[in-house]
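Student: Here's a sequence, model it:
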Amino acid sequence: MKTPKYRDYQKQSRKTWNYVKTEHPITYPTLGLINEAGEFAGKIKKIFRDKGGKISKQDRAALKDELGDVLWYFTQLCTELKFSIEEIAEANLDKLFSRLKRGKIRGSGDTR
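Tutor: Here you go, the predicted model:
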């Protein structure tokens with residue numbers, strides 16, 4: 001399959017969306033995002049616990065699958081909130097480079 005651009009991915013992934021009734025349309029994809037990120041983290045934990053941090057080909061494939069699931073839920077949240085993935089990526093880089101320029105790349109706080 002051709003590698004999709006973010007805009008194409010966002011549009012195409014929406015075709016696989018299945019709305020689950022909750023009090024708000026972002027509830028289900030938020031929970032899905034956290035679940036999939038947790039599954040990714042669990043795989044990383046086991047790589048360090050059981051394999052001394054050595055990532056095998058099979059581990060890479062499993063991690064790739066989990067990151068794809070994270071991307072899918074992230075994309076559904078962007079769509080529900082009427083953001084493009086490009087918009088989120090650009091805003092994130094603007095924020096990070098602003099922090100870098102001001103010597104605030106490390107530390108804590110959303111508005112540093």
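
Student: Number of residues surrounding residue 52?
Tutor: Number of residues near residue 52 (other C-beta atoms under 10 Å) recorded here: 7. The way it works is simple: take the backbone N, C-alpha and C, and place the C-beta from them, glycine included.

Student: To clarify, my last question referred to residue 88.
Tutor: Neighbours of residue 88 (other C-beta under 10 Å): 16.

Student: what sits against the nearest residue to it once chain neighbours are set aside?
Tutor: Distances taken as C-beta to C-beta, 6 or more residues apart in numbering place residue 78 nearest to residue 88, at 6.1 Å, with adjacent residues excluded. Counting by C-beta atoms under 8 Å, 6 or more residues apart in numbering, residue 78 touches 10, 84-85, 88.

Student: ok, the residues you listed vs residue 20, which is closest?
Tutor: Using C-beta to C-beta, residue 10 is the member of the contacts of residue 78 that lies nearest residue 20, at 19.4 Å.

Student: So for the helix or strand harbouring the closest one, what gets flagged as buried?
Tutor: Following DSSP states H and E, one finds residue 10 within helix 6-13. Within helix 6-13, the residues that count as buried by 16 or more other C-beta atoms under 10 Å are 6, 10, 13.

Student: in this structure, which spans are helices?
Tutor: Here the chain has its helices, by DSSP state H, at 6-13, 27-51, 57-80, 85-101.

Student: Now render these as JSON lines, adding mean pLDDT and distance to residue 112.
Tutor: Rendered in JSON lines, the data for the helices of the chain read as follows (pLDDT from 0 to 100; distance: least, C-beta to C-beta, whole Å):
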{"stretch": "helix 6-13", "mean pLDDT": "89", "distance to residue 112": "27"}
{"stretch": "helix 27-51", "mean pLDDT": "97", "distance to residue 112": "23"}
{"stretch": "helix 57-80", "mean pLDDT": "98", "distance to residue 112": "23"}
{"stretch": "helix 85-101", "mean pLDDT": "92", "distance to residue 112": "6"}
